[in-house]
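**Student:** Sequence plus predicted model, see below.
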Amino acid sequence: MNTVTYLRTNNEQQDFEALTNALDEDLRDRYQELQEIYDEHNVIEAINTVVIAYIGQEAVGCACFREFNDHTIEIKRMFVKPELRGKGIALGILHELENWAKELHYSYAILETGKRQPEAISLYQKSGFTVMDNYGPYIGMDSSICMRKRLGS
């Protein structure tokens, strides 16, 4: 596999829009009508903390984070093209997000994923995330799993 590079950018980058559209299609395939409930929580307005993974000139994965509170970021919109999963791309994106958050002096990262995304759950657990009580809009949502990690120094 060619070298993967990571670009820090914002949500106006066209590759981010294309990848998140592919993510939305993937989620609709997994969750069908249940995805409509989640769609309202996946709106990305002005966000300047987007990471896009590239192999050569091809955008192959993305994610972003937003401030949750003064010491915590929430990771959102993590996606890698299905044909390239299992090659460490998502882990690289996650590390880039975590490093960026640490540079901005955040201490924790949280995220929500779904029970029908076993590959995501496995990735996050391998990366040191642990299951926590569902937070915010995910409280009471049985299909959601919320996770937390302390960001190293």
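**Tutor:** Here it is on my side, so go on. Numbers count the residues shown, from 1 in each chain.

**Student:** going forward, measure contacts and count neighbours with C-alpha atoms only.
**Tutor:** Fine.

**Student:** I'd assumed Q125 was in a strand, is it?
**Tutor:** No - Q125 is assigned helix when assessed by DSSP: H, G, I helix; E, B strand; the rest coil, not a strand.

**Student:** In terms of helices and strands, where is A109?
**Tutor:** Using DSSP states H and E, A109 sits within strand 108-114.

**Student:** mean confidence score for that strand?
**Tutor:** The average pLDDT for strand 108-114 rounds to 95.

**Student:** any idea how far it is from the chain center?
**Tutor:** On the basis of Cα atoms, centre = their mean, to the nearest Å, strand 108-114 sits 8 Å off its chain's mean C-alpha point.

**Student:** For the longest strand belonging to the chain, buried residues please.
**Tutor:** Criterion DSSP state E: the longest strand present in the chain is strand 58-69. Buried positions in strand 58-69, judged by neighbour count with 16 or more other Cα atoms under 10 Å: A59, V60, G61, C62, A63, C64, F65, R66.

**Student:** Quick check: of the residues you listed, which lies closest to S127?
**Tutor:** The nearest member of the buried residues of strand 58-69 to S127, counting by Cα to Cα, is A63 at 15.2 Å.
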